[in-house]
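Asker: Return atomic coordinates for the entry below.
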Amino acid sequence: MKFFNGHWEKQYGVSVYPAAQVYEWRQQDEELIFLAPHQRIQGRGMTLDGVVLTFHVSVAREGIFHIVVEHYKGVRCPGPEFTLELDERPLSLQEGDNELTVCSGKNQLRIEKDPFSMEFFCDGKKMTRMEGADFSYIRTRDTGVLLYEEQAGQVYMRGATSLSVGELIYGLGEHFGPFVKNGQSIDMWNEDGGTSSELSYKNVPFYLSNRGYGIFVNDSGKVSFEVGTERVEKVGFSVPGERLDFFYIGGADMKESIRLYTDLTGKPALPPEWSFGLWLSTSFLTDYDEDTVLCTIEQMTENGIPISVFHFDCFWMQGYHWCDFLWDKAVFPDPEGMLCKIHEKGIRVCVWINPYIAQASALFDEGKEKGYFIQRSNGDVWQWDKWQAGMAVVDFTNPEAKAWYQSKLEKLLEMGVDCFKTDFGERIPSEDVVYWDGSNPEKMHNYYSYLYNETVFDVIRRVKGEENAVVFARSGTSGGQKFPVHWGGDCFARYESMAESLRGGLSLTMSGYGYWSHDIGGFEDTSTPDVYKRWVAFGLLSTHSRLHGSGSYRVPWLYGEEATAVLRHFVQVKKDLQPYLLEMAKENHDTGIPLVRAMVLEFPEDPACAWLDRQYMLGDRYLVAPVFEESGEVTYYLPAGRWKNYFSGERIEGGRWMTEKVDYFTIPLWERLS
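Answerer: Got it, this is the predicted structure:
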């Protein structure tokens, strides 16, 4: 959010109160606390009628500084709060003439008292700086009379880190625009906007700098980031209210900062081995019944294309009744028998769900009577007609509602369903909303996705076992990486959508998410055979691979005989790579380092990799460059070192750009030898 008009002027009605100096300080338990008035105090009288910010500095884990800045600490701050794994350390504090220094391992935070500033160091190298003016209490629609507050919601806390020459910023969740975030204004607000807009299904208030450090704003609400926009030499972040809470994560490089961030917010679970195979979907709006499903599976077998998971999308339930978790008996008269037939072929089953209960659902009256839905302030159930007529939203802050929802899923799991596609979770109201536990509706808007996916993941883990727990999720926020797998949402069936999907995936994995997928062939519309075949190669070289669409099937024979052969070929390629992918998955589970890696993450010392967003590393060994041109031509960069072409066996030295034209059975796939 922008508060200034250029460098000198503030926007109309805005008052800004920065931190000018450290006025007094004390060490209390494992915390450094100091007061920072908005002006330098040069006499006793200046302590009257002024804003004072209270800073709390501690060590959350080794290498991570926790900084909380408060204006009015008496203001209630209802949750939710991110689930964090703190390991608070004793405070190592030193005082100089005009300086306080906090140490944690190889990291230092140096606080200059007057004028106030903070500088962060790693192994003696300055990583970033925060000046006094970068910490501000801000009031909009200000009357200019400090004693009288304006309307609620018109106050903000702001912080900002310096943006050094050549410094680039990554992450902030899944965003489909430019991969490098410099020059962008980004609000953390989950919305269902597809892959071709500035909206995002997965917002994560954590960014990485190519200098190595990260910043995590510990606020589940609408955090606003200005990355070199309001101030071109700053990364600003602001939150509504009286309190700013953030962590400086001081890795020596970006991989280490991702490791530290996931130490704090949670490591991804280890997906089951079978989840890495091919997932085949019914698609969304297509007509299908038991015969269609079994026939499709049989045709895949006849074409030599093994399926690991068959997915039933929305219409396994009756229209207008989502979600009642009841098979539509008109098309699936014997669901238990059908599931048994699928399992006999060695195929797992996934079914689509969401957290919304339509008014026509068999569950609506039960949920209404027991208070399991989000309510309006007058006590009514919060309802609307978007998506499903009269739908309500399950209130996962209520433990009984959570158990009730899980009980419905448990019956499906016991019937033979293996996992769930946890769709939606973004269309969560934030106005005139009351949660069971009193949560702040704006802060719950993004965090709802965490509770939703956690609820589903936990019941799968309980019924099917830790080794079989997996979801296919669309929405997310900080901590959501603990519940894999996530996919990129609704994309169109064209090359541009392939490229924007990859940008979103790379941004997401730079935000602590380990696994990522997308709809092979595109979701909206029907792709040409050309796009389908190119997307097959791209999709089978992602961590998880699913054929899924909207109004048409994504089975390969509908795109021609060659498409069937291409799919069969790349399914085999992925099968051959599966032992390696499982090895990388174990590494991700232990360290948090993602499987799909931006080139800059794997080669941070190579300036050519800093902006690359049309290629990636699959783990630490394989470089993948999808084809995004109808001509079959692709240009990509091969970093320094020795490389081996996966298909031809050719060995070459890197450190150069490559341009080649490839057929449908080939994609630039290079194994890193050194």
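Asker: need the strands for the stretch 251-400 of the chain, in chain order.
Answerer: Listed in chain order, the strands of the stretch 251-400 of the chain (DSSP state E, counting those that start in this stretch) span 278-281, 309-312, 348-353, 356-357, 392-393.
Asker: CSV for the ones you listed, including mean neighbour count and distance to His518?
Answerer: Backbone N, C-alpha and C define where each C-beta goes, glycine included. What follows is the strands of the stretch 251-400 of the chain, written out as CSV (neighbours: other C-beta atoms under 10 Å; distance: least, C-beta to C-beta, whole Å):
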stretch, mean neighbour count, distance to His518
strand 278-281, 25, 12
strand 309-312, 23, 14
strand 348-353, 23, 16
strand 356-357, 26, 24
strand 392-393, 25, 27
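Asker: closest to Ser545 out of those?
Answerer: strand 278-281 (5.5 Å; C-beta to C-beta).
Asker: how distant is that closest one from the center of its chain?
Answerer: 23 Å (C-alpha atoms, centre = their mean, to the nearest Å).
Asker: can you redo the strands of the stretch 251-400 of the chain as TSV with distance to Leu567 and mean pLDDT?
Answerer: Formatted as TSV, the strands of the stretch 251-400 of the chain follow (distance: least, C-beta to C-beta, whole Å; pLDDT from 0 to 100):
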stretch	distance to Leu567	mean pLDDT
strand 278-281	8	98
strand 309-312	15	98
strand 348-353	19	98
strand 356-357	34	98
strand 392-393	38	98
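Asker: Output these as TSV; include the columns distance to Asp291.
Answerer: Compiled in TSV, the strands of the stretch 251-400 of the chain are given as follows (distance: least, C-beta to C-beta, whole Å):
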stretch	distance to Asp291
strand 278-281	16
strand 309-312	14
strand 348-353	16
strand 356-357	30
strand 392-393	34
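Asker: Which stretch among these approaches Val471 most closely?
Answerer: Short answer: strand 348-353, nearest of the strands of the stretch 251-400 of the chain by C-beta to C-beta, at 8.8 Å.
Asker: The closest one - contacts with which helices or strands?
Answerer: In terms of contacts (3 or more C-beta pairs under 8 Å, 6 or more residues apart in numbering; DSSP states H and E), strand 348-353 is packed against strand 309-312, helix 335-344, strand 419-422.
Asker: so which of the ones you listed gets nearest Gly266?
Answerer: Checking the helices and strands packed on strand 348-353 against Gly266 by C-beta to C-beta gives strand 419-422 as the closest, at 17.1 Å.
Asker: what's the average pLDDT for the closest one?
Answerer: Strand 419-422 carries an average pLDDT of 98.
Asker: hang on, the earlier thing: out of the strands of the stretch 251-400 of the chain, nearest to Glu30?
Answerer: The nearest among the strands of the stretch 251-400 of the chain, by C-beta to C-beta, is strand 392-393 at 39.9 Å.
Asker: Relative to that closest one, what are the paired strands and their orientations?
Answerer: strand 356-357 (antiparallel) (DSSP bridges).
Asker: Show the residue spans covered by the strands in the stretch 551-674 of the chain.
Answerer: Going by DSSP E, counting those that start in this stretch, the stretch 551-674 of the chain shows strands at 596-597, 616-618, 622-624, 633-638, 642-645, 651-653, 656-661, 669-672.
Asker: Looking at the ones you listed, which one is packed in the most?
Answerer: Comparing the strands of the stretch 551-674 of the chain by mean neighbour count (mean count of other C-beta atoms under 10 Å), strand 596-597 comes out on top with a mean of 24.
Asker: So which other helices or strands are in contact with that strand?
Answerer: Here strand 596-597 touches helix 495-509, strand 616-618, going by 3+ C-beta pairs under 8 Å, 6+ apart.
Asker: For Gly512, see how far away Asp458 is.
Answerer: Here Asp458 is placed at a distance of 20 Å from Gly512 (C-beta to C-beta, to the nearest Å).
Asker: These two: who's more crowded?
Answerer: Gly512 (31 against 15; other C-beta atoms under 10 Å).
Asker: list the contacts for the more buried one?
Answerer: Val204, Phe206, Ile258, Tyr261, Thr262, Thr265, Ser478, Gln481, Gly592, Pro594 (C-beta atoms under 8 Å, 6 or more residues apart in numbering).
Asker: Kindly report the same for Pro272.
Answerer: Contacts of Pro272 (C-beta under 8 Å, 6+ apart): Glu467, Asn468, Ala469, Val470.
Asker: Could you report the pLDDT at it?
Answerer: Turning to Pro272, the model gives it a pLDDT of 98.
Asker: ok, so what distance separates the nearest residue to it once chain neighbours are set aside from Tyr450?
Answerer: The shortest distance from Pro272 to any non-neighbouring residue, by C-beta to C-beta, 6 or more residues apart in numbering, is to Asn468 (4.9 Å). Per C-beta to C-beta, Asn468 is found 22 Å from Tyr450.
Asker: Of these two, which one has the most company?
Answerer: The residue with more neighbours, out of Asn468 and Tyr450, is Tyr450; 24 against 18, by other C-beta under 10 Å.
Asker: Contacts only, for the more buried one.
Answerer: Phe82, Thr83, Gly476, Thr477, Ser478, Gly479, Gly480.
Asker: Please repeat the previous calculation with a cut-off of 6 Å.
Answerer: By C-beta atoms under 6 Å, 6 or more residues apart in numbering, the contact set of Tyr450 is Thr477, Gly479, Gly480.
Asker: Of these - the most surrounded one?
Answerer: Most surrounded of these: other C-beta under 10 Å gives Gly480, at 30 neighbours.
Asker: List phi and psi for that residue.
Answerer: phi -60, psi -20 (degrees, to the nearest 10).
Asker: Please name the residues that touch it.
Answerer: By C-beta under 6 Å, 6+ apart, Gly480 lies in contact with Tyr450.
Asker: Now do it against Thr397, distance only.
Answerer: Using C-beta to C-beta, we find Gly480 at a distance of 17 Å from Thr397.
Asker: What of Lys222?
Answerer: Counting by C-beta to C-beta - Lys222 and Thr397 are separated by 19 Å.
Asker: what's the answer for Ala608, then?
Answerer: To Thr397, Ala608 is 48 Å away according to C-beta to C-beta.
Asker: now swap in Arg474 and tell me
Answerer: Applying C-beta to C-beta, the value for Arg474 to Thr397 is 21 Å.
Asker: If you count surrounding residues, which of these two has more?
Answerer: Legend: neighbour count by other C-beta under 10 Å for Arg474 and Thr397, higher for Arg474 (24 against 19).
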